[in-house]
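Engineer: Any chance you can model this:
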Amino acid sequence: MAAAKKKNLVYPVLGVGGRLIDTHCHLDMQPYGDDLAEVIDRAARHGVDRIVTVGIDLASSRSAIRLAEESPGVFATIGVHPHNVAGITEDDYRQLQALADNPVVVAYGEIGLDFHYNYAPADVQIEHFARQVNLAKQLELPLVVHDRDAHREVLDILTKAHPFPAGGVMHCFSGDSAFARAVVDLGFHVSIPGVVTFKKAEVLQTAVREVPLDRIILETDGPFLAPEPRRGRRNEPALMLFTAQKVAELKGLGLDEVAAATTANAEKLFRLPRAVK
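Structural biologist: Numbers count the residues shown, from 1 in each chain. Alright, predicted model coming up:
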């Protein structure tokens with residue numbers, strides 16, 4: 001018997017002039033190694049015309065900058081992820097501070113706490129999260145915060161460091177409505193990943209309904225966390241259309257309205273140009 005023919009994926013369609021921004025993707029990671037140019041082109045064809053590629057240590061921060069310099073519409077962040085802080089050195093901090101001068105750098109992160117995997121000891125994570133928060137403030141860059149199973153500790157550090165004149169975002173938001181309100185009260189944005197499309201993501205879906213639209217931005221966290229109907233496969237910026245569609249459904253709004261609002265929010269937070277160079 002002949003194998004069933006694979007169906008082409010049908011993407012949601014933005015209106016004329018509609019655009020989206022993937023505010024958090026890891027374009028330097030191996031899953032994009034063979035077809036990165038195609039991934040970026042496919043995103044642009046579907047209206048995702050800007051991508052923020054994220055540093056998780058010194059090497060990937062440099063890679064993010066290089067990709068942003070080479071690819072119109074791509075911007076970079078710098079920082080050391082909680083998984084990687086056990087090996088951070090004083091020289092790393094000096095080099096990160098120097099990298100911040102590059103005009104393609106739009107934020108500091110991904111930084112934060114991860115008490116799920118605990119690849120670095122909790123006390124080391126807390127020390128370097130607090131230090132990087134203060135460095136981001138010194139550099140006048142918005143924060144990109146990773147939080148997994150550490151809501152209370154993350155809020156404690158951010159509350160002590162408040163205010164944040166450059167703003168920040170709780171990346172790949174995984175909390176409930178109360179945590180979302182606390183994040184917004186700190187002046188942060190809430191970034192919604194493809195997880196919101198999962199059937200059992202009721203807690204996140206409720207939070208999305210309650211967070212003001214002017215505090216929501218969207219992300220893939222690619223190559224991870226692909227939305228339905230590509231769950232379990234490689235994620236990429238074009239698939240963020242499905243996330244935007246779900247947010248629109250939860251908000252009782254049109255896709256274009258959500259696209260316009262989240263794009264404007266991301267442009268303001270990261271001080272992005274309104275048009276691709």
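Engineer: Just the CA trace of whichever strand in the chain runs longest, in PDB.
Structural biologist: As assigned by DSSP state E, the longest strand anywhere in the chain is strand 105-114. Output of strand 105-114 as PDB, limited to C-alpha atoms (Å, rounded to 0.1, in the frame of the first residue of the first chain):
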ATOM      1  CA  VAL A 105      21.800  44.100  20.700                       C
ATOM      2  CA  VAL A 106      18.300  44.900  21.900                       C
ATOM      3  CA  ALA A 107      18.100  43.200  25.300                       C
ATOM      4  CA  TYR A 108      20.000  41.500  28.100                       C
ATOM      5  CA  GLY A 109      19.000  37.800  28.600                       C
ATOM      6  CA  GLU A 110      18.200  35.000  28.700                       C
ATOM      7  CA  ILE A 111      18.800  35.100  32.400                       C
ATOM      8  CA  GLY A 112      16.900  33.900  35.400                       C
ATOM      9  CA  LEU A 113      16.300  30.800  37.500                       C
ATOM     10  CA  ASP A 114      15.600  27.200  36.700                       C
END
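Engineer: Just give me how far that strand sits from the chain centre.
Structural biologist: Taking Cα atoms, centre = their mean, to the nearest Å, the mean C-alpha location of strand 105-114 is offset from the chain mean by 9 Å.
Engineer: what's the following helix or strand after it?
Structural biologist: Using DSSP states H and E, the next helix or strand after strand 105-114 towards the C-terminus is helix 122-139.
Engineer: List the contacts of that following helix.
Structural biologist: Helix 122-139 has contacts (Cβ atoms under 8 Å, 6 or more residues apart in numbering) with 79-80, 82, 85-86, 88, 93, 96-97, 100, 107-109, 111-115, 142-143, 153-154, 157-158, 160-161, 164-166, 168. (C-beta placed from N, C-alpha, C; glycine too.)
Engineer: go again using 7 Å as the cut-off
Structural biologist: Residues from elsewhere that reach helix 122-139 (Cβ atoms under 7 Å, 6 or more residues apart in numbering): 79-80, 82, 85-86, 88, 97, 100, 108, 111-113, 115, 143, 153, 157-158, 161, 164.
Engineer: How far away from the center of its chain is it?
Structural biologist: How far helix 122-139 lies from its chain's middle: 19 Å, per Cα atoms, centre = their mean.
Engineer: same deal with stretch 229-249?
Structural biologist: 14 Å.
Engineer: next one: stretch 138-145
Structural biologist: Stretch 138-145 has its C-alpha centroid displaced from the chain centroid by 14 Å (Cα atoms, centre = their mean).
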